[in-house]
Each structure stands twice: as C-alpha cells, then as structure tokens.
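Colleague: okay, predicted coordinates and the sequence, questions at the end:
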Amino acid sequence: MKLYLASTSPRRKELLTTLGIPFEVIAPHYEEILRNKLAKEEALYFAEQKALSVAQECPDALVLSSDTLIDCEGEVFGKPRSEKEARRMILRLSENTHDVFTAVVLLNTRTGEMQKHVEQVEILFYPLHYTLMDEYIESGEWEGKAGAYAVQGMAKSFVRRMVGDLNAVIGLPLEPLKKWLQSGDLV
C-alpha cells in the first residue's frame, strides 16, 4: 500500500525519510483550534483529524499524520500566531519544566483501521535572558512551531534537560511507526 504523510512540516518529512520507506506528502485540510482539552488529548485529536481530512484523496493507502503540543503547568501551547504570543510562550517556558506531547496516527483508508500513539517528553529550559529571547524572536525560527521553539534549531541551547525521544520533540516519534509498519497489521 502507498504511504502518504499528511503534513506540510519539513521536519516530519525529514524524519520519515530516515526510515527509507517511499511516501508522498499531502497537505491536510484541517485547522488546529485548541478546544480547552489536555495537551495529550488535543494532539491526538488533531493528528486524527489531519489523517481523516485527506483519507478520501488516498484510497487504498496508509495515511500518516502527527501533531505536537506543549503543556506547561496546565497551559497548552500550540503554534504562536504572532511575535507577541511567541515571546509570551518562550518567557513562560524559561526556567520551567514542560511536557511535549506528539501524537502519531496511521490510518488504513481501505479498512478504516487507525493506529494511535502519543509520546510524552519532559523538557526543562535554562533561565533565558531577554537579550537571547529577543534575538530568537527576531530570527523568526519560532514560526510554525508548537511552543514557539524547535529543539533542533537555535532553541537547542535553551534546553537544560530532556527526558524522552528527541524525534518526538522534533515532530514524529519513529518507534511506534516502525512497529506498525513491520507488524503488517495495517496492510
């Protein structure tokens, strides 16, 4: 069966490429709007909706989707919509522990069967000085990133401690996906 990645994220595309499995990218038709749920629940719901939004375009195929959200002391962060919102998120994460939740979904469009997994990673940021935050915000790297940061970019220096899967923080936990594809349950 053909594999489609329902994502416009270049990072997810890069991660999936490392598995050496042929796939095509298709943009999902779903707008992420937070619904006052837990970050773990929202991330899974968004990933499911992204997969379902492209299912009709991909008959007899596997559709992979993923979503990442941040939980900092009960506050859920998605992608900031402005510099002001990005600055507020980074300031809130400074010197705080937060959880990154990345959901991954694999949908068999022939059968409707859906495999689901949510990976949780704990991250602690160093205290960040305003000068560093200003430079980071001005760089624009925060755009399109949950919690306004990309751990593989400039924000790598913000991280004091990380407990969990780096790939999940970047945007796609690969281990559950490998298991699903190797088991052959969906094909």
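Modeller: Cool, the structure landed. Computed from a predicted structure; not experimentally measured.
Colleague: so for the residue lying farthest from the centre of the chain, what's the pLDDT?
Modeller: Outermost residue of the chain with respect to the C-alpha centroid, by Cα atoms, centre = their mean, is residue 131; its distance is 27.7 Å. The model reports residue 131 with a pLDDT of 93.
Colleague: so it, which of the three states?
Modeller: For residue 131, the assignment made with DSSP: H, G, I helix; E, B strand; the rest coil gives helix.
Colleague: out of everything not next to it in sequence, what's closest to residue 8?
Modeller: The shortest distance from residue 8 to any residue other than its chain neighbours is 5.1 Å, reached at residue 27 (Cβ to Cβ, 6 or more residues apart in numbering). Quick note: C-beta positions are derived from backbone N, CA and C, even for glycine.
Colleague: you'd agree residue 161 is up against residue 123?
Modeller: Yes - at 7.1 Å, residue 161 counts as touching residue 123 under the criterion of Cβ atoms under 8 Å.
Colleague: so which of the two has more stuff around it?
Modeller: Higher neighbour count among residue 161 and residue 123: residue 123, with 23 against 10, using other Cβ atoms under 10 Å.
Colleague: any idea what that one is bridged to?
Modeller: Taking DSSP bridges, one finds residue 98, residue 162 as the beta-bridge partners of residue 123.
Colleague: what ranges do the strands span in the chain?
Modeller: Shown for the chain, the strands assigned by DSSP state E span residues 2-6, 24-26, 61-72, 75-77, 97-108, 114-125, 159-163.
Colleague: quick check: pLDDT value at the residue most central in space within the chain.
Modeller: The C-alpha lying nearest the average C-alpha coordinate of the chain belongs to residue 68 (Cα atoms, centre = their mean; 2.9 Å). According to the model's per-residue confidence, residue 68 sits at a pLDDT of 97.
Colleague: can you pull the contacts of it?
Modeller: With contacts defined as Cβ atoms under 8 Å, 6 or more residues apart in numbering, residue 68 is in contact with 43, 100-103, 146, 168-169, 171.
Colleague: can you check residue 42 too?
Modeller: Counted by Cβ under 8 Å, 6+ apart, residue 42 has contacts 34-35, 67, 69, 76, 78.
Colleague: likewise for residue 16?
Modeller: If you count contacts by Cβ under 8 Å, 6+ apart, residue 16 has them with 5, 23, 64, 172, 174, 177.
Colleague: for residue 135, see how far away residue 83 is.
Modeller: In this view, residue 83 and residue 135 are 13 Å apart by Cβ to Cβ, to the nearest Å.
Colleague: which one of those two is surrounded by more residues?
Modeller: With neighbours defined as other Cβ under 10 Å, residue 83 and residue 135 compare such that residue 83 has more, 14 against 11.
Colleague: who's in contact with the more buried one?
Modeller: Contact analysis of residue 83 by Cβ under 8 Å, 6+ apart lists 137, 142.
Colleague: the residue nearest to the centre of the chain pairs with what?
Modeller: Using DSSP bridges, the bridge partners assigned to residue 68 are residue 102.
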